[in-house]
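In: I'll drop the sequence and a predicted model, then ask my questions.
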Amino acid sequence: MNVARMSARLGVGLGAGALIAMLLGLTACMALGGGRDAGDAAGRAPGSPGSTTKPQPAAAAAAPSAKLAARGYDPLQTFAPLTLPDPVNAFRAGDGAPGGAYWQNRADYVIHATLDPARQQLSGEEAIHYTNNSPRPLESLWIQLDQNSYRPDARARFVHDRLDAPSTPGYVLEAVATEQHGRRVRADYVVSDTRMQIRLPQPLAAYGGKLTVHIRYHYTVPDGGFGGRTGYMPSTNGPIYDIAQWYPRMAVYDDVRGWDTLPYLGNEFYLEYGNFDYYVTVPRDMVVAGSGELQNPQQVLSAQQRQRLARARTSEQTVTIRSAGEAALAARQPAQQGTRTWHFQMQQTRDVSFAASRAFIWDAARIDLPAGAHAGAHALAMAFYPVESAGPNGWGRTVQFIKDAVQNFSRRWAVYPYPAAIAVAGSVGGMEYPGIVFDDYRDTGKTLFFITAHEIGHTWFPMMVGFNERRHQWMDEGFNTFIDVYESQDFNHGEFAPKSDPEFAPGHAPAADQIATLLSDPHLPVMMTLADQVPQKYSHPLNYFKSAFGLVLLREQILGPERFDWAFRKFIHDWSYRHPTPSDFFRAMDSAGGEDLSWFWRGWYFHNWRLDLAVRDVQPLDGDWQQGAVVTVANLDRLVLPALVRITLADGSTQQLRLPAETWIQQDTATLQLRTHQRVTAVVIDPDHLLPDADRSNNSWRAPAPGR
Ligand SMILES: [Zn+2]
C-alpha cells in the first residue's frame, strides 16, 4: 500500500517518544558476535602479491580495535560472523530455500456475500475448508476478524491516538460452527480484539487433518473517510464500494512461531493460501470488479459487454467495456429493483477483494506474458473508475500502466500468475489485493503511474512470495518498491524516470545522497524492527525507501545484475505461495548470489550503519610520478560497500579502480599503488553518487595548483 497518503487521509497521529527508546533497546539486543580472536589478524599485512593494495607496516595495523574504535570503524565488528534470528532446520534450509520437511497449512474458501447499499451493510456466509499439514495436532484455530479494528474499543485506536475517529460495531457473528468427520457442531469460541479462537471438540489431526469452519456474519461497511483500506464514497453516478477484509480469514500457523496472532493495529496481513469460490450479490444496476475470474458473464454482463471483453483479450490498445455515456445513462434510470449475483473464482491465492458501483467506466486490454507461462491463458488488464477520474491524463491511461507494469515484472522476475490485473478508483488511496488494487480516484499523471505500478507490483510481494507483512513491512513494501524502480526506468522510454516520489527518493538529490541524510537521523528505527513499532513518519523512509535502496545496492554495487537477478528469481520461485522469513532471504542471497554478505545484512538491516569513505593522501611512488602513484583511502564509519575510485591524470585521462568490500576486512586505511606514469591531478571516491556516503567533502582530492 501507500501508507503516507492513507494516513494523511485518516489524520493518523504519531506518538513517537517512548517508542523510539524501546526500539533502540530492542535493536541493541541484536548485537552481534564479534568475539573472534583478533591476535593473528592484527599483525598480518593486508594485500597479496599482484594486488593493488600496498602492504602496510605491521606497526600501523597493530591493536586495531583500540585505534579504530575512536574512528568509528572496527573490521572485527563489521565482518564478524552473523547469527540470523531464525535457525536452519528441517523446515528451512541453510541455502535459504524451504527445507525438506517444509510444510504449510491451507485454507480454501467458499463465500456467499450480499452488499446492501441502503444499510451500508455486508452480510456473508463462509465455509473455510482448512487443512492442517503441520506435524502437530491442533486443539484450537485462530481466525482474523479485521473489521473489529473499527470498533470503539479496538487496540488500533490506542496505538494511533484515534479514539475520536468514527467507529462501527465490527463483525457481528451470527453463527459459528465447525464440521469434522461429517459432524457439524456449534463452535466454542472467544473473540479478542481482531482475533477469534475456536476451541475444537477434538484436535485436528497432524499431517493432513481437515475440517470446515462455517461462519455467518455481517458488518457495517465503513465510510471511506475512515475506512482506510476499505470503504465507500459518493460519486456523480453513484457510490463506489471498495470491499476488503470482508470475511473472517484464517490466521497462519507456521513452523516459526505456531499461531501468528498479532492483532490488526494497522499493519498489513499474513495469510494462508488456498482456492476461493465466492459469490457477491449486489443491486441489479451495479457492476462488480473482483479478484480472480468472473464465472457467470452470461448472467451479469450484456451481450455487448461480453463482445467488447472478447475484443480486449486480443487488443494491445485499451478497449472500452462500459463507457462514460453508458455509466451516466445507467445512473439516470430509475433505481432497478432486485439483485444480481456475481460469481468469481481464484486459485492459489491468499485473499480476494472486490469493488462495486453503478458509476464504473470499465476499460480493458490484453497483457502479453512471456511464452510458456501458463500456456493458452490470457491475462487481462482492467480499470474501473467513475467519470470524475476519466481523461487522457487520468484513469484513461490506467489499463496501459497496469499492462506495462505486469509485463515488465513478468519479464524481469516471475510470470504474473492470475487471469486479470485490475485497478479500481475509489476512496482507498493505494491498497493491494490479489489480482485487484484500490487507488485514489483523484490520481493523475505521474502519481497515477507510480501508484498503479506499485500496487500491482504487490502481486509479486506479498501475494506470490507470501511475506509476513504484519511483522516485516520492509519486505513487501521494500521489495516491491525495488522492482518499481526498474518499471519507472523502463516505462515509455523513461517518461516518469527516474523513480522519485513519496516511496523512493522523494527529494531532488541523488537517491544515495538522500539515503545518507536519512541514515544520519538518530531516531530512525532499524529495518528488523517489528512493523507495528515503526512510527508512521518512518514507514516510507525506512520500509519503502531504505529497504528498496538496499536491494538496488545489492544488485548494482555488490553482486551485479547477473548474479543478483538469478538469485532473486530463484528466491521468488522457491518461496512462491509460501512463507519466507528475513533469515530465509538473507541465506538465499548469500547462497545463490555466491557471497557471505553478513557485513551487509548487519550494517543495512540490523543497524543503520553509515558509510564514510575518504581520500587521505596522494603521493608519487618513491617521489617519482613516473614510477606511479600511491593513493591512501580510509573507511571512517561502520558500514562497508564496494566503491569506485576515479583517478584523473595530468593529461586529462582517467583510471577507475573498484574497491571490494573486503578492502576493509582487516584495516581501516588502504594504500593503493597505481601504475600511472604521470602526475595525478584528482581522485574521487564514488564520483557518480551511487553510495550513501555520509560525508562527501572528504571523498575527493585535488592536486595543489602549480606554482604554490
Ligand atoms: Zn505498498
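Out: Noted; the coordinates are in hand.
In: for Pro334, helix, strand, or coil?
Out: When classified by DSSP: H, G, I helix; E, B strand; the rest coil, Pro334 comes out as coil.
In: tally of neighbours for it?
Out: Pro334: 6 surrounding residues under other Cβ atoms under 10 Å. The C-beta positions use only the backbone N, C-alpha and C, and glycine is treated the same way.
In: Residues of the stretch 551-700 of the chain that sit close to the ion?
Out: When proximity is defined by Cβ under 5 Å from the ion, the stretch 551-700 of the chain lies next to the ion nowhere.
In: for the stretch 551-700 of the chain, what spans make up the strands?
Out: 613-621, 624-635, 643-649, 654-659, 669-674, 680-685, 700-702 (DSSP state E, counting those that start in this stretch).
In: Now do the helix or strand Tyr486 falls within: distance to the chain's middle.
Out: According to DSSP states H and E, Tyr486 maps onto helix 473-490. The gap between the average C-alpha position of helix 473-490 and the chain average comes to 7 Å, counting by Cα atoms, centre = their mean, to the nearest Å.
In: Okay, now the unreliable bits of the protein?
Out: 2-71, 372-378, 706-708 (pLDDT under 70).
In: rewinding a little: pull out the buried positions in the helix holding Tyr486.
Out: 473-488, 490 (16 or more other Cβ atoms under 10 Å).
In: and the following helix or strand past that helix, what does it pack onto?
Out: Beyond helix 473-490 on the C-terminal side, the first helix or strand identified by DSSP H and E is helix 511-519. Under the contact definition 3 or more Cβ pairs under 8 Å, 6 or more residues apart in numbering; DSSP states H and E, helix 511-519 sits against helix 547-552.
In: Just give me how far the helix it packs on sits from the chain centre.
Out: Taking Cα atoms, centre = their mean, one finds helix 547-552 lying 11 Å from the centre of the chain it belongs to.
In: Export only the CA atoms of it, formatted as CSV.
Out: This file holds the C-alpha atoms of helix 547-552, laid out as CSV (Å, rounded to 0.1, in the frame of the first residue of the first chain):
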residue,chain,number,x,y,z
SER,A,547,14.7,-1.3,2.0
ALA,A,548,14.4,-0.8,-1.8
PHE,A,549,17.7,1.1,-1.9
GLY,A,550,19.3,-1.8,-0.1
LEU,A,551,18.3,-4.1,-3.0
VAL,A,552,19.5,-1.5,-5.5
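In: Need the residues that contact it.
Out: Outside helix 547-552, the residues within contact range by Cβ atoms under 8 Å, 6 or more residues apart in numbering are 474-475, 477-479, 481-482, 484-485, 503-504, 511-512, 515, 527, 568, 600, 604-605, 692.
In: same deal with stretch 699-708?
Out: Taking Cβ under 8 Å, 6+ apart as the rule, stretch 699-708 contacts 613-615, 617-618, 631, 679-686, 693.
In: Show me what counts as buried in it.
Out: By neighbour count on 16+ other Cβ under 10 Å, the buried set for stretch 699-708 is 699-701.
In: Repeat that for stretch 89-99.
Out: 91-93, 96-99.
In: and those residues as CSV, adding distance to Pro660 and secondary structure?
Out: Putting the buried residues of stretch 89-99 into CSV (distance: Cβ to Cβ, whole Å; DSSP: H, G, I helix; E, B strand; the rest coil) gives the following:
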residue, distance to Pro660, secondary structure
Phe91, 35, coil
Arg92, 30, strand
Ala93, 28, coil
Gly96, 23, coil
Ala97, 27, coil
Pro98, 32, strand
Gly99, 32, coil
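In: circling back to that earlier point, can you give me the angle the helix holding Tyr486 makes with helix 511-519?
Out: If you take axes from the mean of the first three to the mean of the last three Cα atoms, to 10 degrees, helix 473-490 sits at 160 degrees to helix 511-519.
In: what packs against helix 473-490?
Out: Right, helix 473-490 is packed against helix 398-412, helix 445-457, helix 547-552 by 3+ Cβ pairs under 8 Å, 6+ apart.
In: Quick one: the ones you listed as CSV, columns for mean neighbour count too.
Out: Listed next are the helices and strands packed on helix 473-490 as CSV, based on neighbours: other Cβ atoms under 10 Å:
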stretch, mean neighbour count
helix 398-412, 22
helix 445-457, 24
helix 547-552, 23
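In: Put together CSV for these, with distance to Tyr109 on each row.
Out: As requested, the helices and strands packed on helix 473-490 are exported to CSV (distance: least, Cβ to Cβ, whole Å):
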stretch, distance to Tyr109
helix 398-412, 25
helix 445-457, 23
helix 547-552, 31
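In: Just to check, Cys416 is in contact with Thr459?
Out: Let me fix one detail, which is that residue 416 is Tyr and not Cys. Yes. Using Cβ atoms under 8 Å, Tyr416 is in contact with Thr459, at 6.4 Å.
In: Now the common contact residues for the two.
Out: Residues within reach of Tyr416 and of Thr459 at once, by Cβ under 8 Å, 6+ apart, are 406, 409.
In: hmm, back to that, tell me the one of the contacts of stretch 699-708 nearest the ion?
Out: The closest of the contacts of stretch 699-708 to the ion turns out to be Asp693 (Cβ to the ion; 28.5 Å).
In: For Thr517, see how far away the closest one is.
Out: According to Cβ to Cβ, to the nearest Å, Asp693 stands 11 Å off from Thr517.
In: OK, contacts around the closest residue to the ion within the stretch 51-200 of the chain?
Out: Closest approach between the stretch 51-200 of the chain and the ion, counting by Cβ to the ion: Asp146, at 17.3 Å. Contact analysis of Asp146 by Cβ under 8 Å, 6+ apart lists 194, 245, 249, 264.
In: sec struct for the second one, please.
Out: Under the three-state scheme (three-state DSSP), Gln245 adopts coil.
In: All further residue positions should be reported with the first residue as 30.
Out: From this message on, residue numbering opens at 30, which makes the last subject Gln274.
In: Report the separation between the residue nearest to it when sequence neighbours are not counted and Trp275.
Out: Using Cβ to Cβ, 6 or more residues apart in numbering and skipping residues adjacent in sequence, the residue nearest Gln274 is Asp175, 3.6 Å away. Distance check for Asp175 against Trp275: by Cβ to Cβ, it reads 9 Å.
In: Could you do Phe597 as well?
Out: As judged by Cβ to Cβ, Phe597 and Trp275 stand 33 Å apart.
In: Equivalent analysis for Trp693, please.
Out: Distance, Trp693 to Trp275, by Cβ to Cβ: 53 Å.
In: now Gly303
Out: To Trp275, Gly303 is 16 Å away according to Cβ to Cβ.
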